[in-house]
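A.B. asks: Predicted structure and sequence below. I'll ask about it afterward.
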Amino acid sequence: MRNRFIDFLTKYLQSNPDALLWTMSYIVYCHMLDDWVDGDRTDFEFIIKTHQFAENLYTNHFYINNYYILHSLIIMAFNSYLDSVHYERINEGWKKQFADVLRQNANEVILAIIELVNGNSIKRHASMELREISYFTHHDKLGNPI
């Protein structure tokens, strides 16, 4: 089954295969961390593989060549993710809603890469499309986070 998100990345990054591969790898890594933090994957081998994946991700030539742009964005996206995990575990309505918004900050990394490859005007167009894809990928038909 073809994924709408993969189609999105291909549409905006196909002109730079290194950017496309790195971005897809970054998203895989984000999901690996999420599985670990949520307790879905706690086996030792998964933790070791996640660490090895990170070593490859952050020594990749695309990342190194664009470190000055990507590094701070990634640090902040992960910080927002950790805040979202904290808030979603608190039984207060506004914190759960805010956690849902914070969880999407990895999108800023993706949009920065699209801007690197295509420029600001293309990034602006891609931004709204990515937010829609993210919303429908992470919510059920009633709008509840999944």
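C.D. replies: Sure thing, it's come through.
A.B. asks: from here on, contacts and neighbour counts on C-alpha atoms
C.D. replies: Will do.
A.B. asks: In this protein, what residue spans correspond to helices?
C.D. replies: Counting by DSSP state H, one finds helices in the chain at the ranges 4-13, 17-37, 44-57, 61-65, 67-88, 93-102, 106-118, 120-137.
A.B. asks: Give me the angle between the longest one and helix 17-37.
C.D. replies: Direction vectors for helix 67-88 and helix 17-37, defined by axes from the mean of the first three to the mean of the last three C-alpha atoms, to 10 degrees, enclose an angle of 30 degrees.
A.B. asks: Tell me the helices and strands packed up against helix 67-88.
C.D. replies: Here helix 67-88 is seen to pack against helix 93-102, helix 106-118 when contacts are counted using 3 or more C-alpha pairs under 8 Å, 6 or more residues apart in numbering; DSSP states H and E.
A.B. asks: hang on, the earlier thing: would you convert the helices of the chain into a markdown table that also reports distance to G143, mean neighbour count and mean pLDDT?
C.D. replies: Shown next, in a markdown table, are those (distance: least, C-alpha to C-alpha, whole Å; neighbours: other C-alpha atoms under 10 Å; pLDDT from 0 to 100):
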| stretch | distance to G143 | mean neighbour count | mean pLDDT |
| --- | --- | --- | --- |
| helix 4-13 | 18 | 16 | 96 |
| helix 17-37 | 20 | 17 | 95 |
| helix 44-57 | 31 | 14 | 96 |
| helix 61-65 | 34 | 15 | 98 |
| helix 67-88 | 15 | 17 | 95 |
| helix 93-102 | 11 | 17 | 86 |
| helix 106-118 | 19 | 19 | 97 |
| helix 120-137 | 8 | 14 | 93 |
